[in-house]
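Undergrad: take a look and give me a structure for this.
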Amino acid sequence: MTVANVKDVCESTKTKLREAIEKMEAFLNSHSLQQLNPDANPETEEFYKGFLADTRHLLVFSEVAYEKLGICLRRPTFNVDYAEKVLYEVYHTSVNSFFYPKNECYSEDGRYAYTGQDAIRFRKKPTREVRDLTIQLSKIFETIREDLTYYETDYITQKRMQGERV
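TA: Take a look at the predicted model:
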């Protein structure tokens with residue numbers, strides 16, 4: 001990719017991550033396990049514990065990626081190799097953490113992606129706030145995933161062909 005293209009992708013990814021971070025922070029700062037599960041149902045509590053844990057992990061991964069992208073863009077001379085490495089990490093940490101959460105409270109059902117319906121399917125019926133946050137984040141991370149598909153496989157193939165170890 002050209003320097004201008006990589007820089008543009010870094011800037012747009014950073015903007016999208018900032019939006020996702022703001023949404024996750026607002027949610028986590030205003031919701032607790034007790035609020036999400038007022039009935040103290042053990043099954044529901046397990047679901048929300050997993051959801052909150054996954055959201056906190058995603059927030060941390062996204063904040064680290066956001067900071068690294070900021071470093072890329074603030075350097076006096078734009079380092080394409082470092083920027084591509086950071087974009088690869090964004091794809092494989094933040095994007096994958098969203099679409100493949102550790103606790104599997106939700107999953108992406110690709111069959112719905114072409115119908116205009118939400119592709120996110122929850123393991124258990126969530127509260128409106130949890131559902132809204134997840135759907136909003138899915139739109140952000142879907143866009144990032146589309147922008148960074150190159151970094152899913154082509155980036156690694158390119159580095160291996162150059163004899164570099166990744």
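Undergrad: this structure: strands as residue ranges?
TA: Remark: strands assigned in the chain by DSSP state E are 106-108, 120-122.
Undergrad: redo these as TSV? Include distance to Val9 and mean pLDDT.
TA: For glycine as for every other residue, the C-beta is placed from the backbone atoms N, C-alpha and C. Shown next, in TSV, are those (distance: least, C-beta to C-beta, whole Å; pLDDT from 0 to 100):
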stretch	distance to Val9	mean pLDDT
strand 106-108	22	87
strand 120-122	25	86
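Undergrad: list the contacts for Leu148?
TA: Contacts for Leu148 (C-beta atoms under 8 Å, 6 or more residues apart in numbering) come out as 9, 13, 87, 90-91, 95.
Undergrad: repeat that for Glu108.
TA: Glu108 sits next to 99, 119-121, 138 when contact means C-beta under 8 Å, 6+ apart.
Undergrad: residues touching the closest residue to Tyr66 other than its chain neighbours, list them.
TA: Distances taken as C-beta to C-beta, 6 or more residues apart in numbering place Leu17 nearest to Tyr66, at 4.6 Å, with adjacent residues excluded. By C-beta under 8 Å, 6+ apart, the contact list for Leu17 reads 62, 65-66, 69, 90, 94, 144.
Undergrad: if we use 6 Å, what do you get?
TA: Contacts here follow C-beta atoms under 6 Å, 6 or more residues apart in numbering; on that basis Leu17 touches 62, 65-66.
Undergrad: out of these, which is most surrounded?
TA: Ser62 (28 neighbours; other C-beta atoms under 10 Å).
Undergrad: state the distance from that residue to Thr149.
TA: 18 Å (C-beta to C-beta, to the nearest Å).
Undergrad: also Pro76?
TA: Using C-beta to C-beta, Pro76 is found at 30 Å from Thr149.
Undergrad: Ala26 now?
TA: 29 Å.
Undergrad: and if you look at Thr2?
TA: Going from Thr2 to Thr149 by C-beta to C-beta gives 17 Å.
Undergrad: hang on, isn't Ser94 packed against Ser62?
TA: Yes. Assessed by C-beta atoms under 6 Å, Ser94 is found in contact with Ser62 at 4.9 Å.
Undergrad: hey, what's in contact with both of those two?
TA: Common neighbours of Ser94 and Ser62 (C-beta under 6 Å, 6+ apart) do not exist.
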